[in-house]
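S.K.: no FASTA, just this:
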């Protein structure tokens, strides 16, 4: 079963501003999701995929680097992953 990935309308604009290595990692992230689903990300410790809390409850975060994260949510009954943003992580 293939997964559908829906990106926020601003993702394309954000991608133009990101370093090439972050774009490459995001494309790898999307490929894993598309082919195997979000559960497969747990097999790759570099993504450090985790549930978010607080205002972002119901969403998840995956590392694209020490600095950048992709924020997304999974709609299981539609087999859809919604990508909300790619953002620098705040420490």
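M.R.: Good, I have the coordinates. Predicted, not measured: the structure shown is a model, and the values here were computed from it.

S.K.: Which residues are in contact with the spatially closest residue to residue 52 that is not a sequence neighbour?
M.R.: Spatial nearest neighbour of residue 52, chain neighbours left out: residue 59 (4.8 Å); criterion: CB to CB, 6 or more residues apart in numbering. In this view, the C-beta of every residue, glycine as well, is placed from N, C-alpha and C. For residue 59, the contact set (CB atoms under 8 Å, 6 or more residues apart in numbering) comprises 51, 52, 71, 72, 73, 84.

S.K.: do you know how far residue 59 is from residue 47?
M.R.: 15 Å (CB to CB, to the nearest Å).

S.K.: Taking the centroid of the chain, which residue is nearest it?
M.R.: Central residue check for the chain by CA atoms, centre = their mean: the C-alpha nearest the mean position is that of residue 70, 3.8 Å away.

S.K.: isn't there a strand covering that one?
M.R.: Yes: secondary structure assignment places residue 70 in a strand (DSSP: H, G, I helix; E, B strand; the rest coil).

S.K.: so it makes contact with residue 26?
M.R.: Yes: if you go by CB atoms under 8 Å, residue 70 and residue 26 touch, sitting 6.3 Å apart.

S.K.: shared neighbours of these two, which are they?
M.R.: Applying CB under 8 Å, 6+ apart, one finds that residue 70 and residue 26 are jointly contacted by 64, 86.

S.K.: pLDDT weak spots in the protein?
M.R.: Low-confidence segments of the chain (pLDDT under 70): 77-78, 90-91.

S.K.: which residue ranges form the strands in it?
M.R.: Counting by DSSP state E, the chain has strands at residues 4-7, 50-51, 60-63, 68-75, 80-88.

S.K.: Next, format those strands as TSV and append distance to residue 13.
M.R.: Output for the strands of the chain, formatted as TSV (distance: least, CB to CB, whole Å):
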stretch	distance to residue 13
strand 4-7	11
strand 50-51	26
strand 60-63	20
strand 68-75	15
strand 80-88	11
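
S.K.: quick one: residue 52 from residue 31, how far?
M.R.: Distance, residue 52 to residue 31, using CB to CB: 23 Å.

S.K.: More neighbours: which of those two?
M.R.: Just comparing residue 52 and residue 31: by other CB atoms under 10 Å the higher neighbour count belongs to residue 52, 15 against 11.
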